[in-house]
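Visitor: Sequence and predicted structure, then a few things I'm wondering about:
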Amino acid sequence: MSKKGKVLMAMSGGIDSTVAALMLHQEGYEVVGITMKTWDYATSGGKTSKKETGCCNIDSFNDARLAAVQHGFPHYILDIRDEFGDFVIENFVEEYMAGRTPNPCVMCNTHIKWRALLKRADALNCDFIATGHYAQIHQHTNGRYFIRKGIDETKDQSYVLWGLQQDLLSRTLLPLGTYRKTAIRQMAHDFGYPELAKKSESYEICFVPDNDYRGFLKRKVEGLEEKVAGGNFISTSGKILGQHKGYPFYTVGQRKGLDIALGKPAFVTQIIPETNTVVLGDEEDLKGSELIVKGINWIKYDAAGQGMDAITKIRYKDKGAASHLSTYENGVHVRFYDQVKGIAPGQSAVFYEEDDVIGGGIIQRPMPFMS
């Protein structure tokens, strides 16, 4: 047994997780590689030549296994399609049907991937689990574990990890958090895997690799097009502007693909599923200063959100904006000091104290809210 401990490393076959595994191996950890199969795209009927993608590509399985074998540590493939599908995909469909815009990567990390890893880590007597995410984990003087941004701002993934609870954070290693992507590419060369540095990275949803989420919804919800066809586009003042193809096929902030001519750019500013209505407005109408967040997971402090200031990010690529947090029923009321654009129910709101994640949750609605 290694003095540093035994670690179960999630390996997708890509550059980040492969280099992370080799770093830990080189540092003296006893590494066990594991590749998770989350989705069989061939069963979804998508129109693409790529049957599977990302973590579910057979080439990626082989790449992960090859790296493990060449460096003398074991590798396993873990089929979690049932665990993944029951929650992540059902949540994805339900959120769109509720007029919200989900973030399945957050849901997967929070409810499936880490729990599946920890369960197998315990079965294999591993002390830790590890992934190739660009973020850091630290322990506060109060004893709590928390997430800190990765030093490479262009790759930082702290936003999608807000849902991890203390028992998961205390057992997790994130080797890449203190490195920039350029350094990881160089390490891939140094470890003897120059082809990894050239390997394309997937930014698609793993179960929608053709990026056609509308087509995916149509295949998952029988008769969806007929059920939602003929709803109204309305203005922010309530005037009927025309008809749309169905509210689930639109997202807040959308400008392209509306198929309506108004003589000026129009944006989706709100979706009202109860009446199959999509509200259109100007870019200015996308701005707001308040929102409600539910499903909160506090990380850095045991109880927060009670009259404190924070930087709040409302989407993955958002830079964040200064805000004030206060309790609201069983959630948090976020009030921004300046207006922000594109508050989308279903997306995550993540609260930061400088580079540290305080906590996060799911945006329920902006305020005020048209009904």
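Guide: Arrived safely.

Visitor: What ranges in the stretch 251-371 of the chain fall below the confidence cut-off?
Guide: Applying pLDDT under 70 to the stretch 251-371 of the chain picks out residues 305-306, 367-371.

Visitor: typo on my end, it should be the stretch 51-200 of the chain
Guide: Using pLDDT under 70, the flagged stretches of the stretch 51-200 of the chain are 51-57, 200.

Visitor: same thing but at 90, please
Guide: In the prediction, the stretch 51-200 of the chain carries residues with pLDDT under 90 at positions 51-64, 66, 78-88, 110-111, 194-200.

Visitor: quick one: the helices in it?
Guide: For the stretch 51-200 of the chain, the helices defined by DSSP state H, counting those that start in this stretch occupy 58-70, 81-84, 90-97, 104-107, 114-123, 166-169, 181-190, 194-198.

Visitor: closest one to Q26 among these?
Guide: Using Cβ to Cβ as the measure, helix 181-190 is the one of those that comes nearest Q26, at 9.7 Å. From N, CA and C alone the C-beta is placed, and that goes for glycine too.

Visitor: Quick check: buried residues in the closest one?
Guide: 181, 184-185, 187-188 (16 or more other Cβ atoms under 10 Å).

Visitor: Closest to R214 out of those residues?
Guide: Of all the buried residues of helix 181-190, K181 has the smallest distance to R214: 32.0 Å, by Cβ to Cβ.

Visitor: quick one: that closest one and T154 touch, right?
Guide: Yes. K181 lies in contact with T154 (Cβ atoms under 8 Å); the separation is 7.0 Å.

Visitor: circling back to that earlier point, ranking the helices of the stretch 51-200 of the chain by mean neighbour count, which comes first?
Guide: helix 104-107 (a mean of 20; mean count of other Cβ atoms under 10 Å).

Visitor: that older thread, can I get the helices of the stretch 51-200 of the chain in a markdown table with distance to V7?
Guide: Shown next, in a markdown table, are the helices of the stretch 51-200 of the chain (distance: least, Cβ to Cβ, whole Å):
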| stretch | distance to V7 |
| --- | --- |
| helix 58-70 | 13 |
| helix 81-84 | 22 |
| helix 90-97 | 29 |
| helix 104-107 | 23 |
| helix 114-123 | 8 |
| helix 166-169 | 14 |
| helix 181-190 | 18 |
| helix 194-198 | 20 |
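
Visitor: Show me the strands in the stretch 251-371 of the chain, by range?
Guide: 267-272, 277-281, 287-298, 308-313, 321-328, 331-341, 348-353, 356-367 (DSSP state E, counting those that start in this stretch).

Visitor: Could you dump these into JSON lines with distance to N142 added?
Guide: JSON lines is the format used below for the strands of the stretch 251-371 of the chain (distance: least, Cβ to Cβ, whole Å):
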{"stretch": "strand 267-272", "distance to N142": "40"}
{"stretch": "strand 277-281", "distance to N142": "44"}
{"stretch": "strand 287-298", "distance to N142": "12"}
{"stretch": "strand 308-313", "distance to N142": "15"}
{"stretch": "strand 321-328", "distance to N142": "18"}
{"stretch": "strand 331-341", "distance to N142": "20"}
{"stretch": "strand 348-353", "distance to N142": "13"}
{"stretch": "strand 356-367", "distance to N142": "12"}
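
Visitor: Quick one: closest of the helices of the stretch 51-200 of the chain to I296.
Guide: Comparing those by Cβ to Cβ, helix 104-107 comes nearest, at 13.3 Å.

Visitor: what's that closest one packed up against?
Guide: With contacts taken as 3 or more Cβ pairs under 8 Å, 6 or more residues apart in numbering; DSSP states H and E, helix 104-107 sits against helix 90-97.

Visitor: Just the buried positions in stretch 122-141, please.
Guide: By 16+ other Cβ under 10 Å, the buried positions in stretch 122-141 come out as 126-137.

Visitor: out of those, which one sits closest to E83?
Guide: Among the buried residues of stretch 122-141, and counting by Cβ to Cβ, the member closest to E83 is I129, at 15.7 Å.

Visitor: ok, that closest one - contacts?
Guide: Shown in contact with I129 (Cβ atoms under 8 Å, 6 or more residues apart in numbering): 7-10, 114, 117-118, 121, 168, 171-173.

Visitor: what do you get for T110?
Guide: Residues in contact with T110 (Cβ under 8 Å, 6+ apart) are 162-164, 297.

Visitor: again, only this time at 7 Å
Guide: Contact analysis of T110 by Cβ atoms under 7 Å, 6 or more residues apart in numbering lists 163-164.

Visitor: re the thing from before, pick out the most distant pair among the contacts of I129.
Guide: M9 and L168 (15.2 Å).

Visitor: Test my guess that I184 contacts T178.
Guide: No. With contact defined as Cβ atoms under 7 Å, I184 and T178 do not form a contacting pair (11.0 Å).

Visitor: Name the stretch among the strands of the stretch 251-371 of the chain that sits most buried.
Guide: With a mean of 26, the top stretch among the strands of the stretch 251-371 of the chain by mean neighbour count (mean count of other Cβ under 10 Å) is strand 348-353.

Visitor: ok, the contacts of I129 vs V252, which is closest?
Guide: W114 (28.5 Å).

Visitor: Can you tell me the element L217 falls in?
Guide: Per DSSP states H and E, L217 falls inside helix 213-220.

Visitor: Mean confidence (pLDDT) on that helix, please.
Guide: The average pLDDT for helix 213-220 rounds to 93.

Visitor: How far off centre is that helix?
Guide: Relative to the mean C-alpha coordinate of its chain, helix 213-220 is positioned 19 Å out (Cα atoms, centre = their mean, to the nearest Å).

Visitor: Quick check: next helix or strand after that helix?
Guide: helix 224-228.

Visitor: Other residues contacting that next one?
Guide: Against helix 224-228 from outside (Cβ under 7 Å, 6+ apart): 217-218, 246-248, 276.
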